[in-house]
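Student: sequence first, predicted coordinates after that:
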Amino acid sequence: MKIKHSLFTRRRFLNSMIGGWITAMGTAFLAPIAKFVFPPNKEPDEVLLPKSDYENMEPNTVKLFSWGAKPGILKMNDDRSYTAFVAVCTHLDCNISYLPDQRKFFCACHDGWYDENGINIAGPPPTPLRQLNVAIDEEHFIITKDKGNE
């Protein structure tokens, strides 16, 4: 059976295609702005880590932990003190890793290097790693934001 009249005209089809294209372009333009104004994942003020999981680390070793939506690194120094960093490169937020034999942090994305204290020493990273405060009580490692480094 042949339909005498089309339910969807060419003009209506083209108008729908153009409207859809304009909507998609507008969304692609406005989504990053909305994400900047209303960030989806806020950074925590503090993280509690079980002391039993982290207290038996060897000097010059690291363990990862979750710092909100980003990874964190807890490092035991040679003097048995602890240092914590947000484990993302300050260049483009790539994850970093610690190379204990070289005593350096490394970002494989763009060959960025930091010394063992988180200071940027080579590659494109513009600033040092974000350091976090570490406090220890009877049961937990308490990791908090460094107020001078926000």
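Tutor: Right, received. Where do you want to start?

Student: and the gap between the residue most central in space within the chain and Pro124?
Tutor: Centroid check for the chain by Cα atoms, centre = their mean gives Lys70 as the closest residue, at 3.8 Å. Here Lys70 is placed at a distance of 19 Å from Pro124 (Cβ to Cβ, to the nearest Å). For the C-beta atoms, the positions are set from N, CA and C on the backbone; glycine is no exception.

Student: dihedrals phi and psi, Ser66?
Tutor: Ser66 adopts backbone torsions of phi -90, psi 130, taken as degrees, to the nearest 10.

Student: how far away is it from Ala87?
Tutor: Where Ala87 is concerned, Ser66 sits at a distance of 10 Å (Cβ to Cβ).

Student: what about the two, which has more around it?
Tutor: Ala87 (23 against 11; other Cβ atoms under 10 Å).

Student: quick check: the more buried one vs Phe65, distance?
Tutor: 9 Å.

Student: if I look at the two, which residues touch both of them?
Tutor: Taking Cβ atoms under 8 Å, 6 or more residues apart in numbering as the criterion, Ala87 and Phe65 both touch 71-73.

Student: which of those residues lies closest to Lys104?
Tutor: Of all those, Ile73 has the smallest distance to Lys104: 12.6 Å, by Cβ to Cβ.

Student: what helix or strand is that closest one on?
Tutor: strand 70-76 (DSSP states H and E).

Student: how about the helix or strand following that strand: buried residues?
Tutor: Remark: after strand 70-76, the chain's next helix or strand is strand 82-86, criterion DSSP H and E. Buried residues in strand 82-86, counted by 16 or more other Cβ atoms under 10 Å: 82-86.

Student: what lines up beside the helix or strand immediately after strand 82-86 in the chain in the sheet?
Tutor: Where DSSP H and E defines the elements, the next helix or strand beyond strand 82-86 is strand 96-99. If you go by DSSP bridges, strand 96-99 pairs up with strand 104-107 (antiparallel).
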